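Participant: need coordinates for the below:
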Amino acid sequence: MLVNPRIGRLLGGVKDLVRQNLPDQSCELAVVEGPAAMAERARAAAGKGYARVIVAGGDGTVGVVVRALVDSPLPLGVVPVGTHNNFAVSLGIPLDVPAACKLAVEGEPAPVDLGRVVSRQPPSTFIFKEIVGVGVDAMAFGGGVDVAGPAKIPVGALAVMSAIVSFRPHPVRFAVDGARKFIKCTQLVVANTPRYGPALNVVPEAAPNDGLLHALARTWRGRLDLLSELPHIFSGRHGDLEHDFCVPARRVLIKGNSRILMHADGEFFCRLPATVEVLPGAIQVVVGPVKNPAIVV
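Facilitator: Numbering: from 1, shown residues only. All right, here's what the predicted structure looks like:
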């Protein structure tokens, strides 16, 4: 079990739960500082005879371990102790720490999809678990500050407000599985999970084990229209907003001005053009019961 020390006061509780509920010989707990060390410990686990890797942390920490275990035979268990825990919620993993620990150890793994971004600027590849975005949300993530704990919520809200005030739309061309489209872009997302960022339920149709991504586009309708949508955004009803289309996709090619910013899970940033594609069943994850009927466990 890999634990992010940034979880603060929850760290002692997670340690106690492991000690109380698991025999010493069945689980090794490692508190690991920094993403590089976390990824290395996860990759090394396959060669040390472990049955699975469990990660206790928020979405950023989970993402580090997910990327480290792509194409690994080891299943992943998740104990969500972050601020938003989008990946865990999307997979039906309980937010109650004891219940999540029990599921991570005793539950059955299932194949879960990931996505891949291939960028030219800079030349790079990034594996994402939640969503890729172009437009106002990319600007919000790009202007945000990486803070831990409860401060993340007001800082994130301020970043969204700042992005809306300063946002300028740009024309974006893209092809969804070969079908070409054009939009003066307020927002273009390619989603693997229903929610991302500050628990925004952006694409309710998305399911992280259906072998597909979902592309959603919204055209520019003016700043007042964007401001009027804030109650929907902050209440988690982003999916109720008017959008131009939302379609399943396996591969999306996105082109536009090279100054246009794209984000992936709010962690990776690049400039257009870029290609986004699904990686079906790229990782085994211990999942829980989910409410989304599109997800079949």
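Participant: tell me the mean pLDDT over the strand or helix carrying residue 231?
Facilitator: Element membership of residue 231 [criterion: DSSP states H and E] is helix 230-234. In this model, helix 230-234 has a mean pLDDT of 70.
Participant: list the buried ones in the helix or strand that comes right after it?
Facilitator: Counting by DSSP H and E, the next helix or strand C-terminal to helix 230-234 is strand 245-249. Applying a neighbour-count criterion of 16 or more other Cβ atoms under 10 Å, one finds 246-249 buried in strand 245-249. Heads up, the C-betas are built off the backbone N, CA and C, glycines and all.
Participant: of these, closest to residue 120?
Facilitator: residue 249 (20.0 Å; Cβ to Cβ).
Participant: can you pull the contacts of the closest one?
Facilitator: 176-177, 190, 212-215, 278 (Cβ atoms under 8 Å, 6 or more residues apart in numbering).
Participant: tell me the least confident of the buried residues of strand 245-249?
Facilitator: Lowest confidence among these: residue 246, with 88.
Participant: I figured that residue was touching residue 213, is that so?
Facilitator: No - contact criterion Cβ atoms under 8 Å: residue 246 and residue 213 do not qualify, at 11.1 Å.
Participant: now the helix or strand containing residue 115: buried residues?
Facilitator: Per DSSP H and E, residue 115 falls inside strand 109-121. Buried positions in strand 109-121, judged by neighbour count with 16+ other Cβ under 10 Å: 110, 112-117, 119.
Participant: and if you look at stretch 46-59?
Facilitator: Of the residues in stretch 46-59, those buried under the neighbour-count criterion (16+ other Cβ under 10 Å) are 52-59.
Participant: and for stretch 128-137?
Facilitator: Buried-residue list, stretch 128-137, by 16+ other Cβ under 10 Å: 128-137.
Participant: go on, stretch 173-182?
Facilitator: Neighbour count says stretch 173-182 has 174, 176, 181 buried, by 16+ other Cβ under 10 Å.
Participant: for stretch 81-94, same thing?
Facilitator: 81-91, 93-94.
Participant: which of those fall in helices?
Facilitator: Counting by DSSP state H, the buried residues of stretch 81-94 place 86-90 in helices.
Participant: relative to residue 230, which of those residues is nearest.
Facilitator: Of all those, residue 230 sits closest to residue 86, with 19.7 Å by Cβ to Cβ.
Participant: OK, contacts around the nearest residue to the closest one once chain neighbours are set aside?
Facilitator: Of all residues not flanking residue 86 in the chain, residue 195 sits nearest, at 4.8 Å (Cβ to Cβ, 6 or more residues apart in numbering). Neighbour list for residue 195: 86, 89-90, 130, 201-202, 236 [criterion: Cβ under 8 Å, 6+ apart].
Participant: what segments of the stretch 51-200 of the chain are helices?
Facilitator: For the stretch 51-200 of the chain, the helices defined by DSSP state H, counting those that start in this stretch occupy 59-68, 86-90, 97-106, 136-143, 152-166.
Participant: same list (those helices) but as a markdown table, adding mean pLDDT and distance to residue 282.
Facilitator: Shown next, in a markdown table, are the helices of the stretch 51-200 of the chain (pLDDT from 0 to 100; distance: least, Cβ to Cβ, whole Å):
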| stretch | mean pLDDT | distance to residue 282 |
| --- | --- | --- |
| helix 59-68 | 95 | 9 |
| helix 86-90 | 94 | 13 |
| helix 97-106 | 87 | 19 |
| helix 136-143 | 77 | 23 |
| helix 152-166 | 64 | 27 |
